[in-house]
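J.: Sequence and predicted model, in that order:
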Amino acid sequence: MDKGKAIMGSGRRWAVDFSDNSLTPYSRDIPDPPGFSRASQEQDDSTVSKQKKDAEANWKAQKAWEVAQAPFKNLLMMGFMMWMAGNTVHLFSIGITFSALWQPLSALQGVGKVFEPYKDNKVDLLAPKLVFIALNLGAMVLGVWKLNTLGLLPTHASDWVSSLPPAQEVEYSGGGIAFH
């Protein structure tokens, strides 16, 4: 029976036989479309797996850089919030300031966990980690600056008066008149 011809009298009104009875799998009646190469289908598995590994390494490197640059967005948002809080000492400004200090500190403690999914022999994570650390240190500097503008850092001599020993009194007398 010819390929693609209808089978009549088999109980069905219309049926198509798609079975290929030819000896070679590529001897078909329909020619291949222009630009199609059967050799490209039969690529070596090692080449395909190498390409997949390279693509995965590129994806991991790209994602590592995205994670490394994420603190920059947080830095801008936190700076805006600190600006909106003003320079007076009240609960809101203190809360935002300590949040600006705590978030980068906790992020710095978990640098290894943050970049763990992107570990690969082909991906260099040193530069993204350094950028991540630098941006978080910048956020901490912003928080310390805000503490200073609020007057909560002991930067003046008057802040340390309580730790100074008491001044010794010195009596002066001049001539014969004594002052009591």
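T.: Alright, I've got the coordinates. Numbers count the residues shown, from 1 in each chain.

J.: Could you list the low-confidence segments of the protein?
T.: Residue ranges of the chain with pLDDT under 70: 1-12, 17, 19-28, 37-46, 172-180.

J.: all strands in it, in order from the N-terminus.
T.: Counting by DSSP state E, one finds no strands in the chain.

J.: Can you tell me the centre-most residue of it?
T.: The centre of the chain sits closest to Val67, judged by CA atoms, centre = their mean, with a distance of 1.3 Å.

J.: ok, that one - contacts?
T.: Contacts for Val67 were tallied using CB atoms under 8 Å, 6 or more residues apart in numbering; they are Val114, Phe115, Tyr118, Pro128, Phe132. (C-beta placed from N, C-alpha, C; glycine too.)

J.: Pull up the gap between it and Ala107, please.
T.: For Val67, the distance to Ala107 equals 10 Å [CB to CB, to the nearest Å].

J.: list residues touching both of these two?
T.: Val114, Phe132.

J.: May I ask you to name the longest helix in this structure?
T.: Secondary structure assigned by DSSP state H gives helix 45-85 as the longest helix of the chain.

J.: which one of the contacts of Val67 is nearest His90?
T.: Of all the contacts of Val67, Phe132 has the smallest distance to His90: 32.3 Å, by CB to CB.

J.: Touching, the closest one and Lys113? I think so.
T.: No. Using CB atoms under 8 Å as the test, Phe132 is too far from Lys113 to be in contact (11.8 Å).

J.: Who has more neighbours out of those two?
T.: Between Phe132 and Lys113, counting by other CB atoms under 10 Å, Phe132 is the more crowded of the two (24 against 8).

J.: dump the residue contacts of the more buried one.
T.: Shown in contact with Phe132 (CB under 8 Å, 6+ apart): Val67, Ala68, Ala70, Pro71, Ala107, Val111, Val114, Phe115.

J.: mind listing what the last one touches?
T.: Shown here is Phe115, whose contacts under the criterion CB under 8 Å, 6+ apart are Ala64, Val67, Leu125, Pro128, Lys129, Phe132.

J.: Nearest spatial neighbour of the third one, chain-adjacent residues omitted?
T.: With CB to CB, 6 or more residues apart in numbering as the measure, Phe115 is the residue that lies nearest to Leu125, at 5.3 Å, once sequence neighbours are left out.

J.: separation between that neighbour and Leu105?
T.: From Phe115 over to Leu105 the distance is 17 Å, taken as CB to CB.
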